[in-house]
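Trainee: can you look at this prediction? I've put the sequence above it.
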Protein chains: 2
Amino acid sequence: MAESSTTSMEPRRRGRRKARESDARTLIVAAASKEFLAQGYDAASMRAIARRAEVDPALVHHYFDDKAELFAEAMQLPARPDLIVRSALQGPRDSIGVNLVTAALTVVESGKNRERIIGLIRTALGHDFAATMLRQFLVSELMGRIATELEVDDGDFRANAVASQIVGLFIVRYGVKAEPFASASIEEVARRIGPVIQWH
Amino acid sequence: MAESSTTSMEPRRRGRRKARESDARTLIVAAASKEFLAQGYDAASMRAIARRAEVDPALVHHYFDDKAELFAEAMQLPARPDLIVRSALQGPRDSIGVNLVTAALTVVESGKNRERIIGLIRTALGHDFAATMLRQFLVSELMGRIATELEVDDGDFRANAVASQIVGLFIVRYGVKAEPFASASIEEVARRIGPVIQWH
């Protein structure tokens, strides 16, 4: 999960130094938004973002581990989907399916993320540049990561299949709100969908 | 599949009677659109649509078998999803999964339906009345039908799961256009996704 921004959360009395730091961070996030919009997710680089923010590249790396984290912050993603996938894939092989579903639903259902995830899916299905950017992020950071971690020949096929099951689950549970999926517990849904993810 | 509308397709020289018939049909579809918008899918009835169109209910039934057909026409759905589901479910039990995926992809990939299906998913995820209506249609005519046909205790859970896998597949293949799903043949995708549907 991304660090919460220090701009609005920190009390002012922490003094000038803190304010300067949060200014730099805000500046970097703003520059990242512009760079992603100008270049798309794939072509944008941490270096170019630093240049745009007129800060040293080291400062960008001080605040953000990688491009995925900056993207999550710039797009105000409700969570770091790449980290959820990574941690689920690092668990025991025979519970990847259930773990992935449980982790994904748990994150989405904290805070106001149910609405947010559906908004993001709608955006990703649009025609504008934000749609292209989100799709690039999904393909590179999620499907690409799953495919690599699986270490099988047809990992890319399987990653597509996993992603399709998860996004469809979001739509049925949070978008269409069809019963019984909409009201079922996370455990129940994971029990139903987990084995499919596992099979993929 | 819905009959093609006679309003724009028929040459004028077929005469006045034909023109009157297509007028009535057009009138009914227009009335249906208004009735669905006013009442939602579930509460709208063939009888109320006839009243709104100021025609005899028998005439509505002459042109349209049921509410699902009128809805498909009023919403300009690319196909009759309820019929696709029904015919796939009537085939042999052990090939329902592959048949359902094959039928769904085949219909979507005829004509300009790839764009259309993504537009419809976006609409269904929105906040307006069209969204509610589309969701009611999906739940009643698709998930409800699957649940009933399966004739098992937890058919409603299974129907939700099937729907989530199919809508997710549409998004990955036509919306996000992730490879290899975007370019794979229908047969290949059905081979990958069919067994999951079968399992659900």
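Mentor: Received, thanks. Numbers count the residues shown, from 1 in each chain, chains lettered A, B, ... in the order given.
Trainee: now do the helix or strand harbouring residue A:30: distance to the chain's middle.
Mentor: Under the criterion DSSP states H and E, the helix or strand holding residue A:30 is helix A:16-43. Here the centre of mass of C-alpha atoms in helix A:16-43, compared against the chain's by CA atoms, centre = their mean, to the nearest Å, lies 17 Å away.
Trainee: packing partners of that helix?
Mentor: helix A:6-9, helix A:46-53, helix A:57-63, helix A:67-74, helix A:129-137 (3 or more CB pairs under 8 Å, 6 or more residues apart in numbering or on different chains; DSSP states H and E). Every C-beta, even on glycine, is put in place using the N, C-alpha and C of the backbone.
Trainee: can you get me a residue count around the closest residue to residue A:81 other than its chain neighbours?
Mentor: Beyond its immediate neighbours in the sequence, the residue positioned closest to residue A:81 (CB to CB, 6 or more residues apart in numbering or on different chains) is residue A:142, lying 5.7 Å away. One way to gauge burial is a neighbour count; for residue A:142, by other CB atoms under 10 Å in any protein chain shown, it gives 23.
Trainee: report pLDDT for residue A:142.
Mentor: Taken from the predicted model, the pLDDT recorded for residue A:142 is 81.
Trainee: now do the SS call for it.
Mentor: For residue A:142, the secondary-structure state derived from DSSP: H, G, I helix; E, B strand; the rest coil is helix.
Trainee: can you say which helix or strand has the residue of chain A found nearest chain B in it?
Mentor: Nearest to chain B in chain A, going by CB to the nearest CB, is residue A:168, at a distance of 2.6 Å. Assigned by DSSP H and E, residue A:168 belongs to helix A:155-170.
Trainee: between the helix holding residue A:30 and helix A:129-137, how many degrees?
Mentor: On the basis of axes from the mean of the first three to the mean of the last three CA atoms, to 10 degrees, helix A:16-43 is oriented at 80 degrees to helix A:129-137.
Trainee: just the buried positions in helix A:16-43, please.
Mentor: Neighbour-count burial for helix A:16-43, counted by 16 or more other CB atoms under 10 Å in any protein chain shown, picks out A:21-22, A:24-25, A:28-29, A:31-36, A:41.
Trainee: now for the residues you listed: which two are most distant?
Mentor: Pairwise distances across those peak at 26.5 Å for A:21 and A:41 (criterion: CB to CB).
Trainee: what residues does chain A have near chain B?
Mentor: A:118, A:121-122, A:124-126, A:135, A:138-139, A:143, A:156-157, A:160-161, A:163-169, A:171-173, A:175-181, A:184, A:192-193, A:195-196, A:199-200 (CB under 8 Å from any CB of the partner chain).
Trainee: drop anything exposed from the residues you listed.
Mentor: For those, a burial check counting by 16+ other CB under 10 Å picks out A:118, A:121-122, A:124-126, A:135, A:138-139, A:143, A:156-157, A:160-161, A:163-169, A:171-173, A:175-176, A:178, A:180-181, A:184, A:192-193, A:195-196, A:200.
Trainee: hang on, the earlier thing: highest average neighbour count across the helices and strands packed on helix A:16-43?
Mentor: Greatest average neighbour count among the helices and strands packed on helix A:16-43 goes to helix A:67-74 (a mean of 22), per mean count of other CB atoms under 10 Å in any protein chain shown.
Trainee: after that helix, which helix or strand is next?
Mentor: Counting by DSSP H and E, the element after helix A:67-74 in chain order, helix or strand, is helix A:81-90.
Trainee: residues making contact with stretch A:90-109?
Mentor: The set of residues that contact stretch A:90-109 without belonging to it, under CB atoms under 8 Å, 6 or more residues apart in numbering or on different chains, is A:1, A:78-79, A:81, A:84-85, A:87-89, A:113-114, A:117, A:162, A:166, A:169-170, A:173-174, A:186-187, A:189-191, A:193-199.
Trainee: ok, now stretch A:34-41?
Mentor: Residues external to stretch A:34-41 that are found in contact with it (CB under 8 Å, 6+ apart): A:44-45, A:48-49, A:52, A:67, A:71, A:74-75, A:129-130, A:132-134, A:136-137, A:140.
Trainee: residue A:81 contacts residue A:141, doesn't it?
Mentor: Yes: taking CB atoms under 8 Å as the contact criterion, residue A:81 and residue A:141 are neighbours in contact, 7.1 Å apart.
Trainee: what sits against the nearest residue to residue A:162 once chain neighbours are set aside?
Mentor: Computed as CB to CB, 6+ apart, the closest residue to residue A:162 that is not its neighbour in sequence is residue A:200, at 4.9 Å. Shown in contact with residue A:200 (CB under 8 Å, 6+ apart): A:158, A:161-162, A:165, B:192, B:196.
Trainee: 7 Å - rerun?
Mentor: Residue A:200 is in contact with A:158, A:161-162, A:165, counting by CB atoms under 7 Å, 6 or more residues apart in numbering or on different chains.
Trainee: got it, and residue A:32?
Mentor: Residues counted as contacts of residue A:32 (CB under 7 Å, 6+ apart) are A:49, A:70, A:74.
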